[in-house]
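> please find the sequence and the predicted model below.
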Amino acid sequence: KQGDANKFKLPKPIINKGGCNLSFAGLKTAILRISSTIKSKQEKYDLAASFQKTIEEILEVKTQIAFDEFKKTSKKNKTFVIAGGVAANKGIRKKLISVCKKNNFKPIFPEPKLCGDNAAMIALVGLEKYKIKKFDNLDLPVSPRLPLDKKAKFLKGAGVRL
């Protein structure tokens, strides 16, 4: 709120390619590099505001691409659900509502108090399972770039209900 969102020009990785895919790798690196040179509280505010603006712009572009793709296959059920920790962000909400209005989509957001971070939700599930002594095998291979369809196939094969 106290920063100049135009102070830092930050990268928008794969903004004009990759379809709906998102990557924040170059953006995170830029933030790390710039943050190591910051000398004042105002510069911290400016970097945070610039980061917020950049994320909003990336999500706006990628959401528009997703809407354009959806419109090719369907003319009905134009509803867009935004959930998780990101849905609590007022700036992102405002930007996505704007994209929805422009494209005649109905945006649906949970109340902000219900927009918990996914890591916190997963931790809570783990705690509840621990309390009832329900433990999972820890043999799921680490693969952060595994496509969702392959994850679903693997999880079903491992007996996980989806």
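Everything's here; your move.
> when you work out contacts or count neighbours from here on, use the C-alpha atoms and nothing else.
Noted.
> quick check: end-to-end length of stretch 1-12?
End-to-end distance of stretch 1-12 (C-alpha to C-alpha, to the nearest Å): 22 Å.
> do the same with stretch 101-120
Criterion C-alpha to C-alpha; first-to-last residue distance in stretch 101-120 is 31 Å.
> what does it rub up against?
67, 78-88, 96-97, 100 (C-alpha atoms under 8 Å, 6 or more residues apart in numbering).
> for the residue lying closest to Gln64 once chain neighbours are set aside, list the residues it contacts.
Nearest residue to Gln64, sequence neighbours excluded (C-alpha to C-alpha, 6 or more residues apart in numbering): Val99, at 6.8 Å. With contacts defined as C-alpha under 8 Å, 6+ apart, Val99 is in contact with Glu60, Thr63, Gln64.
> would you check that the second one makes contact with Asn21?
No. Using C-alpha atoms under 8 Å as the test, Thr63 is too far from Asn21 to be in contact (10.1 Å).
> the two - which one has more neighbours?
Between Thr63 and Asn21, counted using other C-alpha atoms under 10 Å, Thr63 has the larger neighbour count: 18 against 11.
> same for the helix or strand where that one lies, what does it pack against?
When elements are assigned from DSSP states H and E, Thr63 belongs to helix 41-73. With contacts defined as 3 or more C-alpha pairs under 8 Å, 6 or more residues apart in numbering; DSSP states H and E, helix 41-73 has these neighbours: helix 25-35, helix 90-103.
> okay, those in JSON lines with distance to Phe51 and mean pLDDT next?
Formatted as JSON lines, those follow (distance: least, C-alpha to C-alpha, whole Å; pLDDT from 0 to 100):
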{"stretch": "helix 25-35", "distance to Phe51": "8", "mean pLDDT": "93"}
{"stretch": "helix 90-103", "distance to Phe51": "11", "mean pLDDT": "95"}
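> ok, and which of the ones you listed has the densest surroundings?
Among the helices and strands packed on helix 41-73, the stretch with the highest mean neighbour count (mean count of other C-alpha atoms under 10 Å) is helix 90-103, at a mean of 16.
> what angle sits between that one and helix 41-73?
Between helix 90-103 and helix 41-73, the angle formed by their directions is 30 degrees, by axes from the mean of the first three to the mean of the last three C-alpha atoms, to 10 degrees.
> mean confidence score for the very next helix or strand once past helix 90-103?
Sequence-wise, the next helix or strand downstream of helix 90-103 (DSSP H and E) is strand 106-108. Model confidence over strand 106-108, given as mean pLDDT, is 95.
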